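> fold the following.
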Amino acid sequence: MAAAREGSVPASAHAAVVLDALSDQPRVRDLLTAAVRENRLSHAYLFVGVPGCGMEEAAAALAQCIVCPNDGCGTCDDCRRVEHRTHPDVQWLSPGSVTGYLVDQVRTLIEGATRAPSRARAKVYVLESAGLLRGTSANALLKTIEEPPEGVVFILLARSVASVLSTIVSRCQVVPFRTIAPSVALDEVMHRSGASEDEAARIALSVTGTPARASEFLASPSRREVRRLVVRILDELGRDDSWDMLCSARDLLAAVRVPLRDVQVAQDEAAKESADFLTASALKQVADANKRELTVRERSGIMEALAAADSLLRDVLVRCEGVPQKIVNGDAAAVVDRLAASTGTRGALSALKAVSATRDDLAHNVSPQLALEVMLLRIKEALACPPSFR
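Here you go, the predicted model:
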């Protein structure tokens, strides 16, 4: 475990307000809060845990504490920019290819780390899927993580310590995240959002995976509209022809892109502010990073739509199997019953496999429009499988 570098990033005695939101990970919250308030931040963290455990939320909260002039107040312009992933001094990186991080990505990161912050007192680099740092890319980053420039903090996210190169692990402070029990997560969503279990909390959790994201989902009309559109599309598949399904895929992708408009506006405003003090080369790098961020956010929105489809189809499987349990999508019970009445267990399982295959297609850089079109065609074919007793 890497030792903390005292004094690298200043903090006040009233720091880390945003970390209070990590109530579903109390050990992580307390550890990071103490590090910020005692001015003992490590230069590199490795967050490890399963998808949905809240690592991204924790990384964003810690980044807010580092770049916020009020040490993580959660309300200032810097904190809002971090939340929207538009802060010029907080960079989020994801693998540039399906096989892992590209060498050029890491070289750009290293070059940017040597420059002074644009507007904050420090810089933060968040690397998602750090287990995909391999070979030349990992070696290029290794020395920078070991001896980073003053005022630079790295936050790496991975499923497990074993998935990350041991040489990188040894230079980071490892922060494990626990798996959240479903009942605890449900209570947390209801507490944060005020939603009732039957009304929305269970649905939001099934779509997003974490209490924090579920609360954000419930607060976003455009994201909830995407889920409603998914339910409607699946309900109408049995009556749709090929052209209808192509149009449905187009409409779903357009709905996913609606929440990105505000992000793009914020990016454009940040670019205008940076134009006076950044070189042409640096501005191009910022523009490229913004494009990558929008692509990542679009993929995230599509994955959320796929999660909504997966959740509804699992309810269909429950009905087909006659399992005496409450379905998640209670507001769409009529849709679930209609689909279950027209298909069987084999059809529901095949439809779920179609959703899973679409995730794989997107991971291999298949066009989102094409991936959604193929998924709807596959689901329609799958749900055509009649119940075994007919």
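
> quick one: buried residues of stretch 97-116?
Neighbour counts over stretch 97-116 (16 or more other C-beta atoms under 10 Å) mark 100, 101, 103, 105, 106, 108, 109, 110, 112, 113 as buried. C-beta here means a position set from N, CA and C on the backbone, and glycine is covered the same way.

> measure that stretch end to end?
Terminal residues of stretch 97-116 lie 29 Å apart, using C-alpha to C-alpha, to the nearest Å.

> now find how far off-centre it is within its chain.
When distances are taken as C-alpha atoms, centre = their mean, to the nearest Å, stretch 97-116 is centred 20 Å away from the chain's centroid.

> name the surrounding residues that touch that stretch.
Identification of contacts with stretch 97-116 by C-beta atoms under 8 Å, 6 or more residues apart in numbering yields 91, 93, 95-96, 123, 125, 127, 132-138, 140-141, 144, 148-149, 152, 282, 285, 363-365.

> which ones among the residues you listed map onto helices?
135, 136, 137, 138, 140, 141, 144, 282, 285, 363 (DSSP state H).

> ok, of those residues, which one's closest to residue 207?
Nearest to residue 207 among the ones in helices among the contacts of stretch 97-116 is residue 363, at 19.1 Å by C-beta to C-beta.

> most neighbours out of the ones in helices among the contacts of stretch 97-116, which is it?
Of all the ones in helices among the contacts of stretch 97-116, the most densely surrounded is residue 141 (27 neighbours; neighbours counted as other C-beta atoms under 10 Å).

> thought that residue was touching residue 168?
Yes - using C-beta atoms under 8 Å, residue 141 makes contact with residue 168 at a distance of 7.5 Å.

> now do the shared contacts for these two.
residue 133.

> point out where this structure drops to low pLDDT.
1-15, 98, 196-200, 260-279, 281-297, 385-390 (pLDDT under 70).

> report the central residue of it.
Centroid-nearest residue in the chain: residue 300, 6.0 Å away (criterion: C-alpha atoms, centre = their mean).

> and that residue, what does it touch?
Residue 300 neighbours (C-beta under 8 Å, 6+ apart): none.

> dump stretch 50-59 to PDB, keeping only the CA atoms.
Provided in PDB are the C-alpha atoms of stretch 50-59 (Å, rounded to 0.1, in the frame of the first residue of the first chain):
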ATOM      1  CA  VAL A  50     -18.100  -5.200  -8.100                       C
ATOM      2  CA  PRO A  51     -20.100  -3.100 -10.600                       C
ATOM      3  CA  GLY A  52     -22.800  -1.200  -8.700                       C
ATOM      4  CA  CYS A  53     -20.900  -0.800  -5.500                       C
ATOM      5  CA  GLY A  54     -20.500   3.000  -5.800                       C
ATOM      6  CA  MET A  55     -16.800   3.300  -6.800                       C
ATOM      7  CA  GLU A  56     -17.600   5.900  -9.500                       C
ATOM      8  CA  GLU A  57     -19.600   8.000  -7.000                       C
ATOM      9  CA  ALA A  58     -16.800   7.800  -4.500                       C
ATOM     10  CA  ALA A  59     -14.200   8.800  -7.100                       C
END
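
> contacts for that stretch, please.
19, 21-22, 24-25, 28, 32, 47-49, 126, 128, 155, 157, 159, 175, 177-180, 208-213.

> of those residues, which belong to helices?
Reading helices off the contacts of stretch 50-59 with DSSP H, I get 28, 32, 208, 211, 212, 213.

> most neighbours among those, which one?
residue 211 leads the ones in helices among the contacts of stretch 50-59 on contacts (other C-beta under 10 Å) with 30 neighbours.

> tell me the contacts of that residue?
24, 54, 180, 185, 188, 189, 192, 205.

> excluding its backbone neighbours, what's nearest it?
residue 188 (3.8 Å; C-beta to C-beta, 6 or more residues apart in numbering).

> measure how buried that neighbour is and give me the count.
There are 20 residues near residue 188, going by other C-beta under 10 Å.

> going forward, count from 54.
Will do, 54 is the new start, and the previous item becomes residue 241.

> surely it meets residue 74?
No - the criterion here is C-beta under 8 Å, and residue 241 misses it with residue 74 at 10.3 Å.

> any shared contact partners between the two?
Common neighbours of residue 241 and residue 74 (C-beta under 8 Å, 6+ apart) do not exist.

> chain neighbours aside, what residue packs nearest to residue 434?
residue 403 (7.8 Å).

> tell me, how many neighbours does the one you found end up with?
19.

> which helix or strand contains it?
Element membership of residue 403 [criterion: DSSP states H and E] is helix 398-416.

> can you point out the buried residues in that helix?
398, 400-405, 407-408, 411-412, 414-415.

> can you count the residues close to residue 394?
For residue 394, the number of neighbouring residues by other C-beta under 10 Å comes to 12.

> hang on, it in a helix?
Yes - Residue 394: assigned to a helix according to DSSP: H, G, I helix; E, B strand; the rest coil.

> please report the distance of it from residue 433.
To residue 433, residue 394 is 16 Å away according to C-beta to C-beta, to the nearest Å.

> again with residue 264
Taking C-beta to C-beta, one finds residue 264 at 34 Å from residue 433.

> same question, residue 201
From residue 201 to residue 433 the distance is 52 Å (C-beta to C-beta).

> check residue 180 too.
39 Å.

> those two: which has the busier surroundings?
Legend: neighbour count by other C-beta under 10 Å for residue 180 and residue 433, higher for residue 180 (27 against 20).

> check contacts around the more buried one.
Contacts for residue 180 were tallied using C-beta under 8 Å, 6+ apart; they are 146, 147, 154, 186, 207, 208, 209, 210.

> give me the buried subset of those residues.
Buried, going by 16+ other C-beta under 10 Å: 146, 147, 154, 186, 207, 208, 209, 210, out of the contacts of residue 180.

> quick check: closest non-adjacent residue to the third one.
Setting aside the residues directly before and after it, residue 154 is nearest to residue 190 in space (C-beta to C-beta, 6+ apart), at 4.3 Å.

> check contacts around that neighbour.
Counted by C-beta under 8 Å, 6+ apart, residue 190 has contacts 153, 154, 155, 156, 158, 159.
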